[in-house]
Structures are given as C-alpha cells and as structure tokens.
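Chemist: Output the structure for:
(one chain, ligands or ions: 1)
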Amino acid sequence: MINGSADYRDSGLEFPADFLLGSATAAYQIEGAFQEDGRGPSIWDTFSHTAGRTLDADTGDVADDHYHRVNSDLDLMKRLGLEAYRFSIAWTRIQPSGSGKPLEAGLSFYSRLVDGLLDRGIKPIATLYHWDLPQELEDKGGWPERDTALRFAEYASIVGDALGDRVAVWTTMNEPWCAAFLGYGSGGHAPGRTSDLAALRAAHHLNLGHGLALQELRHVVTKPDAQYSITLNFHALRGEDNSSPEAIRRIDALGNRSFTGPLLHGEYPIDLLQDTHAITDWSFVQPGDLETIHQPIDFLGVNFYSTATVRMWDGKSDKLTNDGHRDVGGSAWPGSRNVEFLPQPGPLTAMGWNIAPEALEELLVSLSQEFPKLPLVITENGAAFDDVEVEGRVHDQKRVDYLRRHFTAAHRARARGVDLRGYLVWSLLDNFEWSYGYSKRFGLVRVNYETQERTVKDSGLWFAELIETRRIPEGRE
Ligand code: FCB
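Modeler: Here you go, the predicted model:
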C-alpha cells in the first residue's frame, strides 16, 4: 500500500526492473597509489600537499588504497547487488603530463576494472574528468586556457579507444561548476586560484572540453548502445525576502545556467553575460564553440545534496557567505559577490548541508519541464554523518533515513512524469572528501583508514535490500 506523507517517508514504493540502482566514487578520492605505475601529479596532489589547503593536511596519497584492492572492492559491489558503478578515470594514470603517448599500466588498470564489473553483471559508468587535471597542464594555464580543452579531447579519444568496446555509459565531466568556480574562483578546490576572470574562462573551456570529448568518443567508441552524458551539480535555490528573486536569478545564472545554457540550449544566458560584463566581454568564446558544446546527450546526470537560501546583501550588516563550501576567502560568484547565502534551517548533515528531499523532487520536475525530451539520472546523492563503529556494525540510522526520503522524492518525481532512469548513491566507500580530507564520511561502506578494513554500514544493507526487492525499505533497527 502506498502511503504518501509530508515527510517523504512513504512506504511500499517500488521501482521498475529497468530503473538503474548503483553507487559512485571518484579516482582521487579512493585510489591512492599516487606515484605508482608512472602516474603523474594532478592539481589535487599539489593542492593537498600544500600547507593549509585541506583539513588536517590530508592527501589522497593512500586514500582507500582501492588501486591495490580493486578485486575485493568489486566483490563488495557484487555483495551489495549494485547494478551500476560510476567511477572516474585518473587522467594522469593515462597521460602523466596531460598529453602524448598513453601509459599501458594506466589503461590496463581501468580495463581490469571494467572487466571485473562486467564479470559481476555491473554496468560500468565511466567519468573522464572528476577534477584531477594533470599538474603540467595547470602549469601551462589550466582550464582558463583553451588548449586544456583540446588536450582533454585527446585524452578522451585515447580512453574511448581502449575501453569503448565495453563501457556502458560515458560521462565527460563531473560538476564543472566546482572545477571552475571553486577551483579558480573561491580557491577552495584545486588548483586554488582566486580570479573572477579565470573562473569564467575555466567554465567555458570545461564546456568546450565536454563538446570536443563527445565528438572524439562518438568517433572511437565501438559499443553500439553506449550512452553519453555529463553530470552537473544543481543549485536548488530558495528566497527569503523581496531581494531574493534577483539573488536567485544571479546564482542560478552562474551555478546552473552557465552550463545548461550552452550544453542544452546552445547559448550562454544573456543575463549571465550582463552580470559579468565588468569582468569580461566573453570574447574567449570563439565562433563555432557553441555548436561544439551543444550536442545531443543520452541523459543528464544530476547531483543533488541540499538547498541554498539567498538574498541581496544590504551593504550594512556583516555579509553572510555560507554557500555550502569551505569558505577560504575568494569568491565562487564572479560578478555576484553581493549575494548573501543564509544559514540553512536544520536538520543538517555533517557537512552542514540541510536535508530537503522535497527540493530534489522539485528540481527533477523543473528539469524535465525545461528539457522535456532529456532523460535524467541521479548520478550522486548521499550524506555525511559522524558514524561510529561498534563491534563490527555501523548503525547509521540518519543516513538510512536521508536515503529513504530522497529515494521517495525520486519516486514521486517519476510518478509526476519525470523520465528519471536511475539513482547512484554517493558513495560506495568512505573516502577523501576534497578540502575536508577524511573528516567527512559519505560511504555505504565504512573504511578504517588505519587497516583499510571495509565494514558494510546499515545504510549499505538497506540499499542492498532496496536493490533486491526493488522497494524502498523502511528504516532499520
Ligand atoms: C560532489 C562531488 C563528489 C563528492 C560529493 C560529496 O560535489 O562530485 O566527489 O565529494 O560532492
């Protein structure tokens, strides 16, 4: 019996057999083995090795040691019953300096991973770029420079050629907003630059890199039913007073439409160009770029965690800047620094992010209204909590509840006609949470960083039950 409730804890909801259920990770967050088999340094190696950039000076040098434990991690995925696994490929394992001849060892690692997934009946979803730009390309200017997009296309072609007979889904980029605006604007992510202009240029060249990479992939991939996508993190925005509509418009332009505009409508939004005109005339967008970026994709990857409430700063009181990311002084909002981000009402996760399943439903519905023919997949959703392990068990009730409520939201969106095809939980394993280091745990599986022992949390058992029964289980005791 379906019992719809205002708190998104419905019972009895079922997903059809073709709704893809799986989990996600990213290379730098889990692999470790940072200097092995010829791997070159990426901007995240440099950043995490620079004093003051990550909490407790944590680095991904070892992370979950997944590079050496890939077989047992694959068995773990099988144990949970995952139908799909979204992983990313470390560019510097393939091309240590970001260009030239590929390393066989790197290609072979991912080839074994893909084979291991297929042997276990798990769909491989490969992301080409989850933020780990080769340091040598950053030294030449990084994403603010057009050449980086060309190098990315070359790398895409190498990987597509090597794995294109087996990978089910290709995702060019993960969350280009973070790569551009945290990497080059606020400085909270690698490479840690703080320039309004660099951030806007980076956004465009990430978009261009996506388009060029797609062209290469379609050329070299041989699996006839391979699918192509990009994953964006959407800013789900709320208002507070009568200045909020303007604040929402500005943050939506930078945070959402600077990607959906060129990717899905073939143009940058006019209001974005106006808001940023004092920084740039956007002449780095060359003739033909928008056609390259605006290509058909098979689905849009949606990452969702929480909401943000914004209003315009009155210039008198202290400015509030809690935009959900570590505040390191620079701004992720070029041309719109006068927008305030208000503290969110609880309950909050360990990231300080508010829990708002209804916003996921609204987001999915609004995306499907804006892009009616485009299928959607939730490529990341999940939560960090301060888990405790007691005698080999992790009773992470809060994570179970978070997932239960967000799966309910996804189900409701489908019931409202949204063409949502799948849901990948972030993350399979506890891992290196970027500038927060190992202090934030998102895994369905706990990792003991001293012994590398893996312990399936209650949320992992809950998710395994969901996959097996195709119904959203209630809580777990
Ligand atoms: C997303 C990232 C992912 C992870 C989650 C918590 O922004 O794509 O790597 O850090 O947030």
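Chemist: Please count neighbours and contacts with C-alpha atoms only from this point.
Modeler: Fine.
Chemist: Give me the outermost residue of this protein relative to its centroid.
Modeler: Lys316 (35.9 Å; Cα atoms, centre = their mean).
Chemist: Next, work out how far apart that residue and Gln344 are.
Modeler: 21 Å (Cα to Cα, to the nearest Å).
Chemist: wait, is the residue farthest from the centre of the chain part of a strand?
Modeler: No - counting by DSSP: H, G, I helix; E, B strand; the rest coil, Lys316 is located in no strand; its state is coil.
Chemist: First-to-last residue distance for stretch 231-249?
Modeler: OK, stretch 231-249 end separation, Cα to Cα: 22 Å.
Chemist: Return the set of buried residues in that stretch.
Modeler: Neighbour-count burial for stretch 231-249, counted by 16 or more other Cα atoms under 10 Å, picks out 231-239, 244-245, 247-249.
Chemist: how far is that stretch from where the chain is centred?
Modeler: Distance of stretch 231-249 from its chain centroid, counting by Cα atoms, centre = their mean, to the nearest Å, is 20 Å.
Chemist: So for that stretch, mean pLDDT?
Modeler: Taken as a whole, stretch 231-249 has a mean pLDDT of 98.
Chemist: now swap in stretch 448-458 and tell me
Modeler: Rounded mean pLDDT across stretch 448-458 is 98.
Chemist: got the buried residues for that stretch?
Modeler: Neighbour-count burial for stretch 448-458, counted by 16+ other Cα under 10 Å, picks out 454-458.
Chemist: Identify those among the residues you listed that sit within helices.
Modeler: Using DSSP state H, the subset of the buried residues of stretch 448-458 located in helices is Asp458.
Chemist: mind listing what the closest residue in space to Ala253 that isn't next to it in sequence touches?
Modeler: Leaving aside its chain neighbours, Ala253 sits nearest to Leu272 (5.5 Å; criterion: Cα to Cα, 6 or more residues apart in numbering). Counting by Cα atoms under 8 Å, 6 or more residues apart in numbering, Leu272 touches 250, 253-254, 258.
Chemist: May I ask which of these has the most neighbours?
Modeler: Highest neighbour count within the contacts of Leu272, by other Cα atoms under 10 Å: Leu254, with 26 neighbours.
Chemist: ok, that residue touching Arg337?
Modeler: No - using Cα atoms under 8 Å, Leu254 is not in contact with Arg337, being 11.3 Å away.
Chemist: remind me which residues of this structure are low pLDDT?
Modeler: 1-4, 476-477 (pLDDT under 70).
Chemist: In it, which helix is the longest?
Modeler: Per DSSP H, the chain has its longest helix at helix 196-220.
Chemist: picking up where we left off before, for the contacts of Leu272, give me a markdown table that also has distance to Phe299 and secondary structure.
Modeler: Listed next are those as a markdown table, based on distance: Cα to Cα, whole Å; DSSP: H, G, I helix; E, B strand; the rest coil:
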| residue | distance to Phe299 | secondary structure |
| --- | --- | --- |
| Arg250 | 26 | helix |
| Ala253 | 21 | helix |
| Leu254 | 22 | helix |
| Ser258 | 18 | helix |
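Chemist: quick one: which of those is nearest Tyr85?
Modeler: Ser258 (28.2 Å; Cα to Cα).
Chemist: how about the helices in the stretch 151-300 of the chain?
Modeler: Using DSSP state H, counting those that start in this stretch, the helices of the stretch 151-300 of the chain run over 176-177, 196-220, 244-252, 258-260, 270-275, 289-293.
Chemist: So which of the ones you listed is the most surrounded?
Modeler: helix 176-177 (a mean of 27; mean count of other Cα atoms under 10 Å).
Chemist: I'd like to know which elements it is packed against.
Modeler: Other elements packing on helix 176-177 under the criterion 3 or more Cα pairs under 8 Å, 6 or more residues apart in numbering; DSSP states H and E are helix 196-220, strand 227-233.
Chemist: Pull the residues that contact the helix or strand where Asp73 lies.
Modeler: Secondary structure from DSSP states H and E places Asp73 in helix 66-80. By Cα under 8 Å, 6+ apart, the surrounding residues in contact with helix 66-80 are 30-33, 113, 116-117, 120, 122, 460-461, 463-464.
Chemist: Equivalent analysis for stretch 177-192, please.
Modeler: By Cα under 8 Å, 6+ apart, stretch 177-192 touches 43-44, 46-47, 53, 131, 138, 143, 193-196, 198-200, 202-203, 206, 232-233, 255-256, 259, 325-334, 434-435.
Chemist: One more: stretch 123-139?
Modeler: Under Cα under 8 Å, 6+ apart, the answer for stretch 123-139 is 26-28, 40-44, 46, 83-92, 96-98, 114, 117-118, 142, 148, 156, 167-175, 179, 190-191.
Chemist: so Thr321 touches Phe341, yeah?
Modeler: Yes - the pair Thr321 / Phe341 is scored as a contact, 5.1 Å apart, by Cα under 8 Å.
Chemist: so how far is Ala413 from Leu364?
Modeler: 6 Å.
Chemist: Glu104 too?
Modeler: 44 Å.
Chemist: dump the residue contacts of Asp65.
Modeler: 30-33, 452.
Chemist: Pull out the buried residues from the residues you listed.
Modeler: Of those, these count as buried by 16+ other Cα under 10 Å: 30-33.
Chemist: Tabulate those residues in TSV, adding columns for distance to Asn354.
Modeler: Formatted as TSV, the buried ones among the contacts of Asp65 follow (distance: Cα to Cα, whole Å):
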residue	distance to Asn354
Ile30	26
Glu31	29
Gly32	31
Ala33	34
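Chemist: out of those residues, who's nearest Ile378?
Modeler: Using Cα to Cα, the buried ones among the contacts of Asp65 come closest to Ile378 at Ile30, 20.7 Å.
Chemist: That closest one against Leu428, yeah?
Modeler: No - using Cα under 8 Å, Ile30 is not in contact with Leu428, being 9.9 Å away.
Chemist: sorry, back to before: more neighbours: which of Leu364 and Ala413?
Modeler: Leu364 (26 against 22).
Chemist: what about that one, which SS state?
Modeler: Per three-state DSSP, Leu364 ends up helix.
Chemist: Roughly how far does it sit from Leu374?
Modeler: Counting by Cα to Cα - Leu364 and Leu374 are separated by 11 Å.
Chemist: how far away is the residue nearest to Asp281 when sequence neighbours are not counted from Tyr423?
Modeler: Leaving aside its chain neighbours, Asp281 sits nearest to Leu273 (7.6 Å; criterion: Cα to Cα, 6+ apart). The gap separating Leu273 from Tyr423 is 34 Å, by Cα to Cα.
Chemist: Now Arg166: closest residue in space, sequence neighbours ignored.
Modeler: Per Cα to Cα, 6+ apart, closest to Arg166 is Lys223, 6.3 Å.
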